[in-house]
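Student: Pasted the sequence and its predicted model underneath.
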Amino acid sequence: MRNIIFTLLLALTAGGTAQAEDAMLDDFVAKPETRWQFFSDRVMGGVSDGKLEFITQSDGSYAQMTGQVSLENNGGFIQFRHDLKTSVQPDQTGIKIKVRGNNQTYYVHLRTAGTILPWHYYQAAFDASDAWQEIRLPFDGFEKSNKILRKTPKPTSLKSIGIVAFGRAHIADIQIAEIGFY
């Protein structure tokens, strides 16, 4: 009891603001293929090509997206996406990912209840180095793709999250071991 009171007093004297707890969306261990889908610009006539694999090794499980992003035929992306089945807590302030890759820039794309058309989304860029790292992307750092969208995505209105190789011709190779919210 004494420890609980001490912890509460410490929190109050430190400003009294509670931080949202981290919430894991996926660690790619139990049947991730049932939750994630691969898409490319071919759905719109582009010619980018790639694949999504789920790998388990001695150092853990992860999703690996590889491919060739092409700008031909108005293309320019490959992605893997998870449709959210439950709401994100309103006190969550961003996305966190454990990632490694081929030293290229990638994106997280968010779709919300307000992103009606296929080309409406929020995006945040990150660099995927060849060593595992945790990256935190605050919701207020995401850029909207269209003027009619609200400035910042609302956590409780999130409908899907995607990992995307986008916008320039390049070889994609990205691995995600964990994805969640903070």
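Tutor: Thanks, I have the structure now. Numbering: from 1, shown residues only.
Student: Could you give the number of residues near the closest residue to residue 154 other than its chain neighbours?
Tutor: By the measure of Cβ to Cβ, 6 or more residues apart in numbering, the closest residue to residue 154 outside its immediate chain neighbours is residue 112, 6.6 Å from it. C-beta here means a position set from N, CA and C on the backbone, and glycine is covered the same way. Here the neighbour count serves as a burial measure; for residue 112 (other Cβ atoms under 10 Å) it reads 21.
Student: Which pLDDT value belongs to residue 112?
Tutor: Residue-level confidence at residue 112 comes out at 97, pLDDT.
Student: List the contacts of it.
Tutor: Contacts were defined as Cβ atoms under 8 Å, 6 or more residues apart in numbering; by that measure residue 112 touches 122, 149, 153-154, 157-159.
Student: Repeat that for residue 141.
Tutor: When contacts are counted by Cβ under 8 Å, 6+ apart, residue 141 touches 94, 124.
Student: Correct me if wrong: residue 84 contacts residue 158.
Tutor: Yes. If you go by Cβ atoms under 8 Å, residue 84 and residue 158 touch, sitting 5.7 Å apart.
Student: Point out where this structure drops to low pLDDT.
Tutor: In the predicted model of the chain, residues 1-20 satisfy pLDDT under 70.
Student: Spatially central residue for it, please.
Tutor: Nearest to the mean C-alpha position of the chain, by Cα atoms, centre = their mean, lies residue 108 at 4.3 Å.
Student: tell me what the lengthiest strand in the chain is packed against?
Tutor: Ranked by residue count and defined by DSSP state E, the top strand of the chain is strand 170-181. For strand 170-181, the elements it packs on are strand 23-26, strand 60-69, strand 94-101, strand 104-112, strand 158-166, judged by 3 or more Cβ pairs under 8 Å, 6 or more residues apart in numbering; DSSP states H and E.
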